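Asker: What shape does this take:
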Amino acid sequence: MMTSLDLDPTCEELVSGANEAFARGDLSAARDHLNAALQLAPDNGELALTLGHIKLNAGEWAAALADYTTAARLIPKMAAAHSSRALALQLLGQPKEAEPAAVRALLLNPKDTVAMKVLVRMHLNDQNPQAARKFGRKILTIDPADQDAAGMLAQCRAAQPAFPGNFHNGQPAAVAAANGSAAERALTPPASDKLQTLERLLGDYAARTQSWRALGAEHLLQQFTTGQSPEPISIQRQPPVAPNGPDGFPIPPVNLTMGYGAGDRNHYLATGRRSYEILSGLLAAQGISLERGDWMLDWGCAAGRAVRNFVAEASRGCRVWGCDVHAPSVAWAGNYLSPPFKFFNSSTLPHLPFPENRFKFIYGLSVFTHLLVMRDLWLLELQRVLSHDGCLILTIHDENTWGWFRQRGMPAWMPSELRQLPELPGECVEVRGNSWEYCYTFFHSDYIRRVWGQYFKVAQIIPCADSYQAAVILRKS
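Answerer: Numbers count the residues shown, from 1 in each chain. Take a look at the predicted model:
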């Protein structure tokens with residue numbers, strides 16, 4: 001049932017009539033009522049969104065896309081508008097346009113399962129089960145009972161081609177009805193019974209020991225990185241030639257941009273350049289320059305968004321390294337950004353394969369913002385490989401970040417019990433999700449000086465140095 005909207009009386013009557021028509025299954029009448037209401041309130045994005053749902057239910061995907069596009073323009077901060085638009089684009093066979101719309105929805109609401117399902121279906125159609133599996137698993141962490149996600153994961157395991165059918169999406173009932181007839185859902189196989197073997201890991205000590213041993217060392221080691229493919233056979237071929245961006249280097253695919261740029265690759269490059277300029281300024285303020293023979297490390301580089309800008313330093317003879325736990329991102333960076341830069345796939349365990357005092361400069365952008373465990377061990381490891389005259393810069397969420405969010409709107413991932421608090425409620429606040437991208441941390445500057453000060457000299461904490469994140473500048477004690 002559609003909800004009533006806060007409109008003038010004439011529009012209320014039309015919306016009420018649309019609700020009544022929808023309740024009795026008369027979608028044509030419901031659409032007529034909503035069309036009339038939208039003419040009276042052309043700037044009401046929720047009306048456009050609801051009208052799009054009705055048209056999608058009727059199979060009028062192009063018409064639904066037009067309404068969803070209007071809704072996304074009128075209410076740009078509503079994730080549902082963008083994910084619904086992505087769905088319509090995907091159904092119309094326009095995956096290149098659907099992908100950035102889905103990515104934008106997830107930036108607004110990381111738990112938008114409609115956007116995730118669009119990406120799962122797109123990756124299945126592209127015969128990329130690894131990427132599809134990533135989003136399918138995220139859906140099941142949000143709703144373990146989601147049968148569509150379980151079915152699509154089964155398709156990933158079986159490496160079956162994707163069927164063009166729809167799926168349920170958590171929108172109003174009209175959209176659910178449009179997005180998964182019984183015949184279409186029958187094409188999706190059920191989840192594998194092998195998943196039930198995981199129950200053994202919850203048994204007594206002996207049962208758990210036997211289960212972990214059966215998994216094997218190779219499978220256990222894979223858990224310390226992300227993005228590894230589970231297929232029994234992997235064939236890596238020479239990477240295809242990719243066109244260069246304005247900076248002279250290729251631009252990674254959207255699924256490796258970690259949300260930066262919201263699907264706009266030029267914006268992605270601009271954010272990396274901005275980070276480089278901020279880091280360069282902070283480094284210069286510490287009296288540090290990178291010259292021949294020096295080493296630097298981007299700790300958590302992803303696909304090289306920021307490190308790709310250290311061209312001048314590399315040309316002077318500085319050895320520029322990047323690492324990340326996300327294997328596909330590092331593989332892409334190694335294929336397309338080396339030389340002049342070097343990359344390796346690090347693990348979640350606090351270890352870097354370098355001798356003591358190796359790096360003059362290390363930075364980690366938005367890494368500690370997601371790190372829940374072994375933070376002290378990582379700080380000690382970073383301290384070990386930092387040279388005596390070196391500098392470590394880490395960005396964090398601090399008390400000023402909280403104030404920034406309060407002024408501009410709390411992010412969608414903020415739990416409801418924290419959203420109305422006027423100040424950071426403690427020295428260290430952890431929002432604990434099921435995977436790293438759903439985990440968030442806040443550190444008060446007093447906590448940084450007291451706890452991190454055990455391992456480093458806290459030279460400076462600069463609030464909102466890179467957008468809403470603070471920069472912590474650390475030197476060896």
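Asker: For the lengthiest helix in the chain, list every residue counted as buried.
Answerer: The longest helix of the chain (DSSP state H) is helix 265-285. Using 16 or more other C-beta atoms under 10 Å as the test for burial, helix 265-285 gives 265, 268-269, 271-273, 275-276, 278-280, 282-283. Yep, even glycine has a C-beta here, placed from its N, CA and C like the rest.
Asker: Can you give me the buried ones in stretch 347-354?
Answerer: Buried, per 16+ other C-beta under 10 Å, within stretch 347-354: 350, 352.
Asker: What of stretch 383-398?
Answerer: 383-387, 390-398.
Asker: just stretch 240-260 next, same as before
Answerer: Residues of stretch 240-260 classed as buried by neighbour count (16+ other C-beta under 10 Å): 249, 250, 251, 252, 254, 255, 256, 257, 258, 260.
Asker: Redo these as CSV? Include pLDDT.
Answerer: Output for the buried residues of stretch 240-260, formatted as CSV (pLDDT from 0 to 100):
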residue, pLDDT
249, 94
250, 93
251, 91
252, 91
254, 81
255, 81
256, 85
257, 83
258, 80
260, 79
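Asker: What distance do you get for residue 117 to residue 86?
Answerer: Distance of residue 117 to residue 86, given as C-beta to C-beta, to the nearest Å: 9 Å.
Asker: between those two, which one's more packed in?
Answerer: More neighbours sit around residue 86 than around the other of residue 117 and residue 86, counting by other C-beta atoms under 10 Å; the figures are 32 against 28.
Asker: tell me the SS of the more buried one?
Answerer: Put simply, residue 86 is helix when judged by DSSP: H, G, I helix; E, B strand; the rest coil.
Asker: residues contacting it?
Answerer: Applying C-beta atoms under 8 Å, 6 or more residues apart in numbering to residue 86 gives the contacts 98, 99, 101, 102, 105, 114, 115, 118.
Asker: hmm, try it at 10 Å
Answerer: When contacts are counted by C-beta atoms under 10 Å, 6 or more residues apart in numbering, residue 86 touches 65, 68, 72, 94-95, 97-106, 112, 114-115, 117-119, 122.
Asker: among the residues you listed, which are in strands?
Answerer: With DSSP state E as the criterion, strands contain none of the contacts of residue 86.
Asker: Looking at the closest residue to residue 356 other than its chain neighbours now. What's its pLDDT?
Answerer: Spatial nearest neighbour of residue 356, chain neighbours left out: residue 384 (5.4 Å); criterion: C-beta to C-beta, 6 or more residues apart in numbering. At residue 384 the predicted local distance difference test score is 97.
Asker: give me the element residue 63 is part of.
Answerer: Under DSSP states H and E, the secondary-structure element containing residue 63 is helix 61-74.
Asker: for that helix, which positions count as buried?
Answerer: 61, 63, 64, 65, 66, 67, 68, 69, 70, 71, 72, 74.
Asker: With distance to residue 35 as extra columns, can I get these in a markdown table?
Answerer: Compiled in a markdown table, these are given as follows (distance: C-beta to C-beta, whole Å):
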| residue | distance to residue 35 |
| --- | --- |
| 61 | 17 |
| 63 | 11 |
| 64 | 13 |
| 65 | 16 |
| 66 | 12 |
| 67 | 10 |
| 68 | 15 |
| 69 | 16 |
| 70 | 12 |
| 71 | 14 |
| 72 | 19 |
| 74 | 16 |
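Asker: what's the closest of those to residue 140?
Answerer: Closest approach between these and residue 140, by C-beta to C-beta: residue 68, at 25.9 Å.
Asker: State the distance from the closest one to residue 124.
Answerer: 22 Å.
Asker: For the helix or strand harbouring residue 37, name the packing helices and strands.
Answerer: In this structure, residue 37 sits in helix 27-40 according to DSSP H and E. Contact analysis of helix 27-40 by 3 or more C-beta pairs under 10 Å, 6 or more residues apart in numbering; DSSP states H and E lists helix 9-23, helix 45-57, helix 61-74, helix 173-178 as its packing neighbours.
Asker: Buried ones in that helix, by neighbour count?
Answerer: Going by 16+ other C-beta under 10 Å, helix 27-40 has these buried residues: 27, 30, 31, 32, 33, 34, 35, 36, 37, 38.
Asker: Who are the packing partners of the host helix or strand of residue 133?
Answerer: Using DSSP H and E, the element containing residue 133 is helix 129-142. The contact analysis (3+ C-beta pairs under 10 Å, 6+ apart) places helix 129-142 against helix 95-108, helix 113-125, helix 147-158, helix 327-336.
Asker: how does it look with 8 Å?
Answerer: Other elements packing on helix 129-142 under the criterion 3 or more C-beta pairs under 8 Å, 6 or more residues apart in numbering; DSSP states H and E are helix 113-125, helix 147-158.
Asker: Just the CA atoms of that helix, as PDB, please.
Answerer: As requested, the backbone C-alpha atoms of helix 129-142 are provided in PDB (Å, rounded to 0.1, in the frame of the first residue of the first chain):
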ATOM      1  CA  PRO A 129      30.700 -14.100 -10.800                       C
ATOM      2  CA  GLN A 130      33.400 -12.900  -8.500                       C
ATOM      3  CA  ALA A 131      32.100  -9.300  -8.500                       C
ATOM      4  CA  ALA A 132      28.500 -10.600  -8.400                       C
ATOM      5  CA  ARG A 133      29.200 -12.700  -5.400                       C
ATOM      6  CA  LYS A 134      30.600  -9.800  -3.500                       C
ATOM      7  CA  PHE A 135      27.300  -7.900  -3.600                       C
ATOM      8  CA  GLY A 136      25.200 -11.000  -3.200                       C
ATOM      9  CA  ARG A 137      26.800 -11.700   0.100                       C
ATOM     10  CA  LYS A 138      26.300  -8.200   1.200                       C
ATOM     11  CA  ILE A 139      22.600  -8.500   0.600                       C
ATOM     12  CA  LEU A 140      22.500 -11.600   2.700                       C
ATOM     13  CA  THR A 141      24.300  -9.900   5.600                       C
ATOM     14  CA  ILE A 142      21.500  -7.400   5.500                       C
END
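Asker: Could you tell me which residues within that helix count as buried?
Answerer: Quick answer for helix 129-142 (16+ other C-beta under 10 Å): 129-140, 142.
Asker: where do the helices sit along the stretch 201-350 of the chain?
Answerer: 205-215, 217-222, 265-285, 311-315, 327-336 (DSSP state H, counting those that start in this stretch).
Asker: pLDDT weak spots in the stretch 1-150 of the chain?
Answerer: 1-11, 13-15, 18, 20-28, 58 (pLDDT under 70).
Asker: ok so, going back, can you tell me which of the buried residues of stretch 383-398 end up in strands?
Answerer: 386, 387, 390, 391, 392, 393, 394, 395, 396.
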